[in-house]
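A.B. asks: Compute the structure for the input listed below.
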Amino acid sequence: MNKKILFIPLALFTALVVVFVIQLARNAEGEDPTKLESVLVGKPVPEFRLEDLAEPGKLYDQAVFKGEPLLLNVWATWCPTCYAEHQTLNELAAKGVKIIGLNYKDDRNKATGWLNDLGNPYLISLFDGDGMLGLDLGVYGAPETYLIDAKGIIRYRHVGNVTLGNWAEVLEPMYLQMIEEAK
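C.D. replies: Numbers count the residues shown, from 1 in each chain. Model prediction:
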C-alpha cells in the first residue's frame, strides 16, 4: 500500500479545519453570516414579462420599477416566514412605502386568497409561477426584499423577513435616501 494515500485524509481534514477557522474569524469580526451578496446590486432589474397575480393576461415588464423608489418583495403562501412578515408589509404600505410583490413558485389561487384574507400591501403583484424572474434575481428562497431606485436599479438585497426593527435600522434610511435622490 502506498504511504502517500494515507496522507490524503489528513490533508483533507486540515483543509477543512482551515476553512472553519477562517469562517469563525469572519463571524467574530462582525460580518453577518446570513448576508448574501447580490451581483445585481448596482444593476437594473433583469428583463422580464410576467402576468399580474390577480388578472391573468395583464402583463408587466421591468418598466414597473421606474419612476419612483420602491421595494420588491419576493413571497409565497408556502413560506411561513412570509406569513410572519406580511403584517409589517401592510403597515409599511399604510405609511406610504411603495411595494411591488413577486409571488414566487406558488399557486395563483392560494396567493390571491392570501392577499384577500391578510390584506394586500402591493401596488402590483407579479406572478412568477415558474420562478424564472426569481432565478434571474438570484433568489435563494422567500422572503427576500430588494430596494430599487427610481431608475430601476437594484440598490440593496435583504434576505429574510422585513421587521419593524430591520426596517428602521437598515432599510428605511436607504429607502428615504433613494426618495431624496429621486427629487
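
A.B. asks: Please make it C-alpha for all contacts and neighbour counts, starting now.
C.D. replies: OK.

A.B. asks: correct me, but Ile124 touches Gly101?
C.D. replies: Yes - here Ile124 reaches Gly101: they are 6.2 Å apart, a contact under CA atoms under 8 Å.

A.B. asks: Which one's more surrounded, the two?
C.D. replies: The residue with the greater number of neighbours, taking Ile124 and Gly101 and applying other CA atoms under 10 Å, is Gly101; the counts read 22 against 18.

A.B. asks: Is it correct that Leu53 is in contact with Lys110?
C.D. replies: No - judged on CA under 8 Å, Leu53 makes no contact with Lys110 at a distance of 10.6 Å.

A.B. asks: between these two, which one's more packed in?
C.D. replies: Neighbours of Leu53 and Lys110, each counted by other CA under 10 Å, are more numerous for Leu53; the result is 23 against 13.

A.B. asks: which non-adjacent residue is nearest that one?
C.D. replies: Phe127 (4.7 Å; CA to CA, 6 or more residues apart in numbering).

A.B. asks: now Arg108
C.D. replies: Beyond its immediate neighbours in the sequence, the residue positioned closest to Arg108 (CA to CA, 6+ apart) is Leu53, lying 6.6 Å away.

A.B. asks: any idea of the pLDDT on the one you found?
C.D. replies: Model confidence at Leu53, expressed as pLDDT, equals 98.

A.B. asks: From Lys151, how far off is the residue nearest to Leu53?
C.D. replies: Between Phe127 and Lys151 the distance, using CA to CA, to the nearest Å, works out to 22 Å.

A.B. asks: tell me the contacts of Val97?
C.D. replies: Listed by CA atoms under 8 Å, 6 or more residues apart in numbering, the contact partners of Val97 are Leu70, Leu71.

A.B. asks: quick one on the thing from earlier: counting by contacts, list what the one helix or strand the residue nearest to Leu53 maps to packs against.
C.D. replies: Using DSSP states H and E, Phe127 sits within strand 124-128. On a contact count with 3 or more CA pairs under 8 Å, 6 or more residues apart in numbering; DSSP states H and E, strand 124-128 meets strand 49-52, strand 99-104.

A.B. asks: Could you tell me the angle between it and strand 99-104?
C.D. replies: Angular relation of strand 124-128 and strand 99-104 on a 0 to 180 degree scale: 20 degrees, by axes from the mean of the first three to the mean of the last three CA atoms, to 10 degrees.

A.B. asks: Can you name the next helix or strand after strand 124-128?
C.D. replies: Scanning forward in sequence from strand 124-128, with DSSP H and E defining helices and strands, the next element found is helix 132-137.
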